[in-house]
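Chemist: please find the sequence and the predicted model below.
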Amino acid sequence: MLQITNLHAGYGKVEVLQGISITVPKGQVVTLIGSNGAGKTTTMRAISGMIAPSSGDISLNGQAIGGLESFYIARKGLAHSPEGRRVFATMSVADNLLLGAFPRITGARPRGDVKRDLERAMELFPRLKERRTQLAGTLSGGEQQMLAMARAVMLNPEVLLLDEPSMGLAPVLVEEVFKIIARLKSEGVTMLLVEQFAAAALAVADYGYVLENGRISVHGPAHQLRDDPAVKAAYLGSGVH
């Protein structure tokens, strides 16, 4: 379980998050929706250690992780598929995936069967299987997004953070990404999902939070948020599917 309590974070003197609290129960998908600039990506970066919170608590399965370096947080089982993909362009698809399992390979996390999990990732993302020896930088944008997601899954994480997995993708690939998220959910993977397509996010999620200007304005079961008139008007209108 991931627990965020009264989290404040930002960049320099600019406080973006103003005391947000989010709970991601084990085995569930929780989505964080909001307009551009609301603080969604800042939330993900603060959780995964890319930026240090100014105050508040973050815990993973009861262990405090707030303010730790990213590699320590990864060792504890939190994987982050960041906005903008950030694949290792000069490495092959397979090597990118193995880097996702690095804490397991080095023994910092329970190892398990990394080779089997590599094949499982290829089955989960068939486009990657076809391109396993190809350099990541030569993949299409959609393929790079799938690689970033698959690399995070290779950690065999306790919690998976997905930041805008559909950004910049063609509609057919957006549909494919959400099918993969639904499959991961069916396999019991715990996820915190930030997504521009609010309706699709709420359709796959168990619970949702709406972030406005660095604060949680409303939260509740995903099906209730889908039917909330204010949420509908702000985030589920035309152009959002």
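Modeler: Looks like it arrived, so ask away.

Chemist: if you count neighbours, what's buried in the longest helix belonging to the chain?
Modeler: Taking DSSP state H as the criterion, the chain has its longest helix at helix 171-186. Residues of helix 171-186 classed as buried: 173-174, 176-178, 180-181, 184-185 (neighbour count, 16 or more other CB atoms under 10 Å). To be clear about C-beta, it is placed using only N, CA and C from the backbone, and glycine gets the same treatment.

Chemist: got it, and stretch 131-140?
Modeler: Result for stretch 131-140 [16+ other CB under 10 Å]: buried residues 131, 135-136, 139.

Chemist: now stretch 74-92
Modeler: Judged by neighbour count using 16+ other CB under 10 Å, the buried positions of stretch 74-92 are 74-83, 85, 87.

Chemist: could the residues you listed go into TSV alongside secondary structure, distance to I22 and pLDDT?
Modeler: Formatted as TSV, these follow (DSSP: H, G, I helix; E, B strand; the rest coil; distance: CB to CB, whole Å; pLDDT from 0 to 100):
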residue	secondary structure	distance to I22	pLDDT
A74	helix	20	94
R75	helix	22	93
K76	coil	18	94
G77	coil	18	94
L78	strand	14	97
A79	strand	17	96
H80	strand	15	95
S81	strand	18	93
P82	coil	18	88
E83	coil	18	82
R85	coil	24	74
V87	coil	27	92
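
Chemist: if we can go back for a sec, pull the most distant pair out of the buried residues of helix 171-186.
Modeler: Farthest apart among the buried residues of helix 171-186 by CB to CB are L173 and K185. That separation is 18.8 Å.

Chemist: sorry, back to before: ok, and what's touching the longest helix of the chain?
Modeler: The contact list for helix 171-186 (CB atoms under 8 Å, 6 or more residues apart in numbering) reads 29, 124-125, 142, 145-146, 149, 153, 160, 162, 165-166, 169, 191, 193, 197, 200, 203-204, 241.
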